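Visitor: Sequence below, structure please.
(2 chains)
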Number of protein chains: 2
Amino acid sequence: MRTAILGATGLVGRTMLKLLESRAWADDEPLLLCSSRSAGQELRFRGRPLRCQDAEAADLKGVQLALCSAGAAASRRHAPRLRDAGAWVVDNSSAFRLDADVPLVVPEVNPALVAGRCGAAAGRGGIIANPNCSTIQLAVALAPLLRSFGLREVHVTTLQAVSGAGQKGLDELARQTADPEARCEVFARPIAANVVPEIGAAMPDGSFEEEAKVGRELRKIFELTRLAVTCTATRVPVACGHAAAVRVLTERPAPVAAARVAMAAWPGLEVAPGAHEYRTPLEIAGDAGVHVGRLRGEPGRGDVLLFWVVADNLLKGAAWNALQIADLLVGTPEGR
Amino acid sequence: MRTAILGATGLVGRTMLKLLESRAWADDEPLLLCSSRSAGQELRFRGRPLRCQDAEAADLKGVQLALCSAGAAASRRHAPRLRDAGAWVVDNSSAFRLDADVPLVVPEVNPALVAGRCGAAAGRGGIIANPNCSTIQLAVALAPLLRSFGLREVHVTTLQAVSGAGQKGLDELARQTADPEARCEVFARPIAANVVPEIGAAMPDGSFEEEAKVGRELRKIFELTRLAVTCTATRVPVACGHAAAVRVLTERPAPVAAARVAMAAWPGLEVAPGAHEYRTPLEIAGDAGVHVGRLRGEPGRGDVLLFWVVADNLLKGAAWNALQIADLLVGTPEGR
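Guide: Below you'll find the model as predicted:
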């Protein structure tokens, strides 16, 4: 299959390219698309060098499957072009996530929205949205609780790695670690030896955009238009791996033991066996799974669960989820 | 007044000693008490060197006011000895915090429990407990909300600095920053470039001790035996300054504007003027106040407030709160 990656030179784009190497359905020369600024850069794929091309100038004809991670503006420009050229587009930006006709997909949660569509409708393309990095790991952790107990409210504090802001986020942390006076270009405040409760643009309701995304994307994925979600999203001086502390109110009584069984049985989810056990970002970096720990109840209540969830924001939070969607679209065994 | 500091060589003890220099009621030669291991160390006070003495061997006679920060075991041993020698003891450990006859004091919240007692009852000592570092800043931030709207539930995720574990916590972060393979001696997991949701011993209810402390200490300070509190306490690679993301359910409707007014008028509390404004640990290190930001409501509810609170854990979270209690005990204007 003729594949393309938009944003190939970025941190997530490079991760997508690396993961694509193992996919039997991917051709040996994926079309690597980038900005005019990065055009001409060489990246390796299956041991051979490939040159990145300016997305504006490149010939998109024949592309059947495209993975996009170049930011919302680039996706708004190029995802429709790829689709109109006949490609199925898995878009990692926020550009189309809330569009009514664009599925927002976490393969462990709502795979039926995309399964086999690429193979079944040859010659016709479409856009599938990859959710926000924090949303994805929350959706996987919450899905078995929704299934078993129903969800009434979800309250989240995230602790997010700097790589969520791409290579420039990693660079800023490194720069400010070396020189605490180094100017803030990526984050709102110095991030080395600090924590910053601001991710994304300021929203009218008092939240920042990342916080709003978590709520509206969870509501769309779970098809629960009235699910109450609050989120405080913080950036922490961690290179890779988003963590979140979560408190969930369920519709029906949710005994901790039953919740643990339901979560442990869910695909893509690992659950620590005890309330005091957990994984940390440093431990799970490079791992594609979602890791729940610290699962416990709230004294005096039978309808509350608290847990800690960690996942690699570049893998499950971005490139791996996108590749899983691609597997589903193509209808390969890997995606089933 | 004859004063003493137990744990004078520690991070909090040194901060107490520094703050004590400005107190007109403190004599020029406070008795510096420490473990036998640290005995003989010299510390400076008002420009002159003072030698630390082994607390086991030192003569406690005549001490009128003692500040203790040497851990629960040392406090259990020496605080009663100091009290029996006639001293008022402000103890920063968890040893006596829940004792029914020991006041647990945050001067901006419940000053009447201690005001003037040292001066009024000359010759008779007593023990006053300083709350946990995270509890103190939460208590100051929540007190005006309790007064104005009543408190029903408090849900907290903390992001706590390594200096909460003393100098050895700072050392471990520095060691692991230089060498990511350096062994964990203080924290449960590597703390450099990581976040760790474990502070204190494992408790039977699934919490760790720091989380349990926040609940039971807030209930005692506010005299609300049934206040529902949940907490996930995390350690972050920050040197100084604890932060917390808080969600509060109030008894009565709590409009954000009214909450902001009530909080801004509260002593010791600074409130950022907008929902998108906040302080970070790095910015407030060295500042004695409690800083609330990100104050906002929850869409669709009138009885929920969300906010972000930051304070210097060595100052307001420990030494400064203890010194404020001492001021109150002595009855000086500084403490009023």
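Visitor: where along the stretch 201-336 of chain A do the strands fall?
Guide: A:228-235, A:242-250, A:269-271, A:290-298, A:301-311 (DSSP state E, counting those that start in this stretch).
Visitor: Could you dump these into TSV with distance to chain B and mean neighbour count added?
Guide: The way it works is simple: take the backbone N, C-alpha and C, and place the C-beta from them, glycine included. Conversion of the strands of the stretch 201-336 of chain A to TSV gives the following (distance: least, Cβ to the nearest Cβ, whole Å; neighbours: other Cβ atoms under 10 Å in any protein chain shown):
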stretch	distance to chain B	mean neighbour count
strand A:228-235	4	25
strand A:242-250	4	25
strand A:269-271	14	20
strand A:290-298	3	25
strand A:301-311	5	24
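Visitor: Using JSON lines, lay out these together with mean pLDDT.
Guide: As requested, the strands of the stretch 201-336 of chain A are exported to JSON lines (pLDDT from 0 to 100):
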{"stretch": "strand A:228-235", "mean pLDDT": "98"}
{"stretch": "strand A:242-250", "mean pLDDT": "98"}
{"stretch": "strand A:269-271", "mean pLDDT": "98"}
{"stretch": "strand A:290-298", "mean pLDDT": "98"}
{"stretch": "strand A:301-311", "mean pLDDT": "98"}
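Visitor: For residue B:316, which of the ones you listed is the nearest?
Guide: Of all the strands of the stretch 201-336 of chain A, the one in closest proximity to residue B:316, counting by Cβ to Cβ, is strand A:228-235 (20.6 Å).
Visitor: and the closest one, how far from the chain's centre?
Guide: Using Cα atoms, centre = their mean, to the nearest Å, the distance from the centre of strand A:228-235 to the centre of the chain it belongs to is 16 Å.
Visitor: Does anything pack onto it? Which helices or strands?
Guide: Using 3 or more Cβ pairs under 8 Å, 6 or more residues apart in numbering or on different chains; DSSP states H and E as the contact criterion, the neighbours of strand A:228-235 among helices and strands are strand A:151-160, helix A:209-222, strand B:242-250, strand B:290-298, strand B:301-311.
Visitor: and after the worst-scoring helix or strand of chain A on mean pLDDT, which helix or strand comes next?
Guide: Taking mean pLDDT, DSSP states H and E as the measure, the helices and strands of chain A show their lowest mean at helix A:117-120, namely a mean of 68. Following the chain from helix A:117-120 toward its C-terminal end, the next helix or strand by DSSP states H and E is strand A:126-129.
Visitor: Return, as residue ranges, the portions of the stretch 101-250 of chain A with sub-threshold pLDDT.
Guide: By pLDDT under 70, the weakly predicted segments of the stretch 101-250 of chain A are A:119-123.
Visitor: So residue A:192 sits against residue A:176, correct?
Guide: Yes: the criterion here is Cβ atoms under 8 Å, and residue A:192 meets it with residue A:176 at 3.8 Å.
Visitor: Take the helices and strands packed on strand A:228-235 and write them to CSV, including distance to residue B:29.
Guide: As requested, those are exported to CSV (distance: least, Cβ to Cβ, whole Å):
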stretch, distance to residue B:29
strand A:151-160, 46
helix A:209-222, 54
strand B:242-250, 33
strand B:290-298, 33
strand B:301-311, 31
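Visitor: give the contact list for residue A:104.
Guide: With contact set as Cβ atoms under 8 Å, 6 or more residues apart in numbering or on different chains, residue A:104 has these partners: A:97, A:98, A:110, A:129, A:131, A:217, A:220, A:221.
Visitor: switch to 6 Å and redo it
Guide: With contacts defined as Cβ atoms under 6 Å, 6 or more residues apart in numbering or on different chains, residue A:104 is in contact with A:97, A:129, A:131, A:220, A:221.
Visitor: ok, now how distant is it from residue A:85?
Guide: Plainly put, residue A:104 is 23 Å away from residue A:85 if you go by Cβ to Cβ, to the nearest Å.
Visitor: domains in chain A, as residue ranges please.
Guide: For chain A, the domain assignment from automatic domain parsing gives the residue ranges A:3-131+A:317-335, A:134-313.
Visitor: Now find how far off-centre the first one is within its chain.
Guide: Taking the mean C-alpha point of domain A:3-131+A:317-335 and that of its whole chain, the gap between them comes to 14 Å (Cα atoms, centre = their mean).
Visitor: what do you get for the last one?
Guide: Its chain's C-alpha centre lies 11 Å from the corresponding centre of domain A:134-313 when counted by Cα atoms, centre = their mean.
Visitor: End to end on it, go ahead and measure it.
Guide: For domain A:134-313, the first-to-last residue distance is 8 Å (Cα to Cα, to the nearest Å).
Visitor: Now for the closest residue to chain B within the stretch 101-250 of chain A: which residues touch it?
Guide: Nearest residue of the stretch 101-250 of chain A to chain B, counting by Cβ to the nearest Cβ: residue A:206, 3.2 Å away. With contacts defined as Cβ under 6 Å, 6+ apart, the neighbours of residue A:206 are B:275, B:296.
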